[in-house]
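**Q** the sequence isn't on hand, but the structure is:
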RNA sequence: CGCGGGGUAGAGCAGUUGGCAGCUCGCCAGGCCCAUAACCUGGAGGUCGUCGGUUCGAAUCCGACCCCCGCAACCA
């Protein structure tokens, strides 16, 4: 029976268009999903949209739409993004989907049965100037930084709380037992320190009359479930949990990827929630760095310039995929720089693999050499390649293929078959190189699926012919 | 003394059982002419953040310091 492999991205908040950072996240997840599929695993690759919470509620109200209807065009936009980036996701979940709502409520009930939910009155500081709640960390000298002359109001609200604190030790034990739970390792250290410093129970509901855009608390229509407590459940609700005999049984636990802003929610909060129900913890969480743009933080106003749709239109999907996979270090913050994108594409694809395949194909065709090859898997680099992918070091995996291209170019130049007349000799030089190109193409499928497909059919044919330029220079 | 990451060639990064400092891109010069002005060969370019210590020998181990950057409970 095929191995089961489950990977998910975070669910982006659906009040704006897709962000280049999310594009990078989903591309990385896609590469890993494709790799597992190539290895023969049955893969579920899930992503979706988070549609609850205050911001969407307000925007929807302003547009005179229901929150779900308000989100729908953005959902379409995200799905379109998958298309243009060649994302091989299998499931798409909206937190406003019926089955998700039901799963969240069931999740809540079970946490309640465990005695991990209680009601508590607490106070929030509220700035009437902003009409927003303020946390202490936001305040300057006890006042709202934007309205320093106004006294903050203290609002009393009664909400449900999750007994987060109860799971401190269990979480620490778990991290100790699974030293590779969080990638990279230093993020695991970070959360161990965080959890060690003590966990505070947190509020997991809001008053429905103030913020109705959420999942109703079972048995208490006056409250809705806090967005995070709701959204995190998507990782299992998309698999059909809590239904018996659903995909959940075979596919959970899976691997989650996220940006570094999500570290705590994914690796601490969500794990505590799973612990409460006695469900298996996530297998692994890969935490990626952030992108800057030309050295500066990507602000709302700059977002447009590197909108992933525009980037693909301006260059192409191969260039964007390759760039975020190879030039951006997976776990570090990276700078999105279009000159580097162009340079990378031209160096590795146009001058590298593209040019190599063109010269070999031309030589084979000119000399009328029959081939009829098929990929030889595993290739010599298979083990290293696999290891890099298992650690989400996608740049390393790409570097392995890149090196093979370089070596093939060197061999070809050294042997200089274009100077020879003996066809047998020429054939003996070209066939092994054609074989290498075919092998590289097989691995290339996870990075650049469409291009790899073309190469595989070109080099897998009985007679290799010079085709169109695969990677035209930018 | 809040926690964590980092400072190695113009850029991005490798480099922990200590042993002549590496890779890719970029730049310069030559070669080649099969190929997408590409490919191959060679070269220039670094006081490995600073100071001190251990050692025959330190980017690597130890100590102090300086500087950048995240996180600090809803920002991809």
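**A** Done, it's in. This structure is a prediction, so every number in the text was calculated from the model and none was measured.
**Q** next, count neighbours for residue A:31.
**A** Applying other CB atoms under 10 Å, we find 23 residues neighbouring residue A:31. All C-beta spots, glycine's among them, are computed from the backbone N, C-alpha and C.
**Q** ugh, typo on my part, it should be residue A:222
**A** 11.
**Q** so which other helices or strands are in contact with the stretch of helix or strand it belongs to?
**A** Assigned by DSSP states H and E, residue A:222 belongs to strand A:220-225. Judged by 3 or more CB pairs under 8 Å, 6 or more residues apart in numbering; DSSP states H and E, strand A:220-225 is in contact with helix A:98-113, strand A:153-162, strand A:205-207, strand A:216-217.
**Q** now that strand: buried residues?
**A** The neighbour-count check on strand A:220-225 (16 or more other CB atoms under 10 Å) flags A:223, A:224, A:225 as buried.
**Q** do the same with stretch A:282-299
**A** Neighbour-count burial for stretch A:282-299 [16+ other CB under 10 Å]: A:282, A:283, A:284, A:285, A:286, A:287, A:288, A:289, A:291, A:292, A:293, A:298.
**Q** so does that stretch get close to RNA strand B?
**A** Yes. For stretch A:282-299, a contact with RNA strand B is found by CB under 7 Å from any atom of the strand, at A:290, A:291, A:292, A:297, A:298.
**Q** surely residue A:25 and residue A:288 touch.
**A** Yes. Residue A:25 lies in contact with residue A:288 (CB atoms under 8 Å); the separation is 6.0 Å.
**Q** joint contacts of these two?
**A** A:257, A:258, A:259 (CB atoms under 8 Å, 6 or more residues apart in numbering).
**Q** most neighbours of all the residues you listed, which one?
**A** Among these, residue A:257 has the most neighbours (other CB under 10 Å), with 24 neighbours.
**Q** in the sheet, who's paired with that one?
**A** residue A:286 (DSSP bridges).
**Q** doesn't residue A:380 fall inside a strand?
**A** No. Read with DSSP: H, G, I helix; E, B strand; the rest coil, residue A:380 is coil and lies in no strand.
**Q** which non-adjacent residue is nearest the residue in the stretch 351-474 of chain A that RNA strand B sits nearest to?
**A** When distances are taken as CB to the nearest atom of the strand, the stretch 351-474 of chain A reaches nearest to RNA strand B at residue A:354, 1.9 Å away. Nearest residue to residue A:354, sequence neighbours excluded (CB to CB, 6 or more residues apart in numbering): residue A:471, at 3.6 Å.
**Q** need the pLDDT of that neighbour.
**A** The model reports residue A:471 with a pLDDT of 94.
**Q** in strands, which of the buried residues of stretch A:282-299 appear?
**A** Residues of the buried residues of stretch A:282-299 located in strands (DSSP state E): A:284, A:285, A:286, A:287, A:288, A:291, A:292, A:293.
**Q** and those as CSV, adding pLDDT?
**A** Converted to CSV, those look like this (pLDDT from 0 to 100):
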residue, pLDDT
A:284, 92
A:285, 91
A:286, 91
A:287, 89
A:288, 87
A:291, 83
A:292, 80
A:293, 78
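**Q** give me phi/psi at residue A:352?
**A** Backbone torsions of residue A:352, given as degrees, to the nearest 10, read phi -90, psi -100.
**Q** enumerate every residue touching it.
**A** Contacts of residue A:352 (CB under 8 Å, 6+ apart): A:402, A:405, A:406, A:409.
**Q** same question, residue A:474
**A** Contacts of residue A:474 (CB under 8 Å, 6+ apart): A:315, A:319, A:342, A:345, A:346, A:350.
**Q** then residue A:66?
**A** Residue A:66 touches residue A:60, counting by CB under 8 Å, 6+ apart.
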